[in-house]
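Asker: Here is the input, now give the coordinates:
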Amino acid sequence: MEQAYTLSIFSENSVGLLNRITSILTRRHLNIDSINSSESESSGIYRFTIVVRTTEAQVKKLVLQLEKQVEVMKAVYHTDSDTVFQEIALYKISTRSISEGNLVEKLIRDNNARILSVESDFMIIEKTGHKEETQELLDFLSPYGVLEFVRSGRVSVTKPMGELEGI
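Answerer: Down below sits the predicted model:
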């Protein structure tokens, strides 16, 4: 049965590694739903967080293949129930279209969003949450004219402890 898996790949910061990782996924006909890369809690170790939708048997094989890469120190996978995760979304909307009524107040209160910037022509709103929550706000704002929209990849931490032990 296919489901979403969050891959955590711990590696050195190496040129070309992301290309090799995506090639491994492509050869298995797996689409990347989300990708993020950043420094980890350990000095000199970087973390790729990739979300794929596949079967458990295929994700196990994928992790083994990823660990064969020289720069990869460890690769693990988790289900959504084993992780705490969020995404961030930014919305650029026209101040003219949203200034009617108490829409701004409703927007902030009902969606736990915050205003980052207010310019003469537009407003930048930030929303942190699961993909469904950021999509819900996008759907709410769409009738008012979304000028720009961007959503980050998933950032997550796992509930199990000690993934980097022994590295």
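
Asker: so how far does stretch 11-22 reach from one end to the other?
Answerer: 15 Å (C-alpha to C-alpha, to the nearest Å).

Asker: can you check stretch 109-127 too?
Answerer: 12 Å.

Asker: how far is that stretch from where the chain is centred?
Answerer: For stretch 109-127, the separation from the chain centroid amounts to 20 Å (computed by C-alpha atoms, centre = their mean, to the nearest Å).

Asker: go on, stretch 123-134?
Answerer: Centroid separation for stretch 123-134 versus its chain: 12 Å, with C-alpha atoms, centre = their mean.

Asker: avg pLDDT for that stretch?
Answerer: The predicted model gives stretch 123-134 an average pLDDT of 93.

Asker: Quick check: buried residues in it?
Answerer: By neighbour count with 16 or more other C-beta atoms under 10 Å, stretch 123-134 contains the buried residues 123-125, 127, 129, 131, 133-134. Yep, even glycine has a C-beta here, placed from its N, CA and C like the rest.

Asker: what comes into contact with stretch 49-62?
Answerer: Stretch 49-62 is contacted by residues 1-9, 21, 24-25, 28, 30-38, 77, 153-156 when judged by C-beta atoms under 8 Å, 6 or more residues apart in numbering.

Asker: Out of these, which sit inside helices?
Answerer: Per DSSP state H, helices hold the following members of the contacts of stretch 49-62: 21, 24-25.

Asker: what's the most distant pair in the buried residues of stretch 123-134?
Answerer: Across those, the longest distance by C-beta to C-beta is 22.4 Å; it joins 123 and 131.

Asker: Scan the ones in helices among the contacts of stretch 49-62 and report the most crowded one.
Answerer: residue 21 (25 neighbours; other C-beta atoms under 10 Å).

Asker: which residues does it contact?
Answerer: Applying C-beta under 8 Å, 6+ apart, we find residue 21 in contact with 9, 48, 50, 66, 69.
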